[in-house]
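Chemist: Everything below, folded, please.
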Amino acid sequence: MSDARTPAQIEADIVRRREQLAVALDEIGVRLHPKTIIGDAKAKVASTVDETAGRAFVAVNRVVTDVKARFVDEGGAPRLERVVPVALLAAGVIGLVVVSSRRRGV
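Modeler: Below is the predicted model of the structure:
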């Protein structure tokens, strides 16, 4: 059996390889097109923002849950031994702010 190819087989191989090369060049052209590059960059940024926002939400939710657990018992009732001192402290700070703003305005 001979490994020699006919001219028709060689020509068919050349045509097939040209088509493969054309497809590869088209793919490269699409990948390197500025719109494609910008679109990929936008998608990556959007993904990063979504991921960061998701992490931030989880972190804030954890903090809110922890703070709530400090001021509310398992039944949902306020823990007065913790709420009252914080309320008094907040009222004192607000009072100081009001007094200092009135002194500046006079």
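
Chemist: And the strand or helix carrying residue 52, what's buried?
Modeler: Element membership for residue 52, per DSSP states H and E: helix 34-71. Using 16 or more other Cβ atoms under 10 Å as the test for burial, helix 34-71 gives no buried residues. (Each C-beta comes from the backbone N, C-alpha and C, glycine too.)

Chemist: and that helix, what other elements does it pack with?
Modeler: On a contact count with 3 or more Cβ pairs under 8 Å, 6 or more residues apart in numbering; DSSP states H and E, helix 34-71 meets helix 80-105.

Chemist: coming back round to it: how much does the helix holding residue 52 deviate in direction from helix 80-105?
Modeler: 110 degrees (axes from the mean of the first three to the mean of the last three Cα atoms, to 10 degrees).

Chemist: Next, give phi and psi for residue 78.
Modeler: Main-chain torsions, residue 78, degrees, to the nearest 10: phi -70, psi 140.

Chemist: returning to that earlier point: rounded mean pLDDT for the helix holding residue 52, please.
Modeler: Mean pLDDT, helix 34-71: 94.

Chemist: Now do the contacts for residue 13.
Modeler: By Cβ atoms under 8 Å, 6 or more residues apart in numbering, the contact list for residue 13 reads residue 5.

Chemist: name the element it belongs to?
Modeler: With DSSP H and E as the test, residue 13 turns up in helix 7-32.

Chemist: While we're on residue 105, how confident is the model there?
Modeler: 69.

Chemist: oh, I was asking about residue 1
Modeler: On the pLDDT scale, residue 1 gets 53.

Chemist: returning to that earlier point: quick one: distance of the helix holding residue 13 to the chain centre.
Modeler: Relative to the mean C-alpha coordinate of its chain, helix 7-32 is positioned 40 Å out (Cα atoms, centre = their mean, to the nearest Å).
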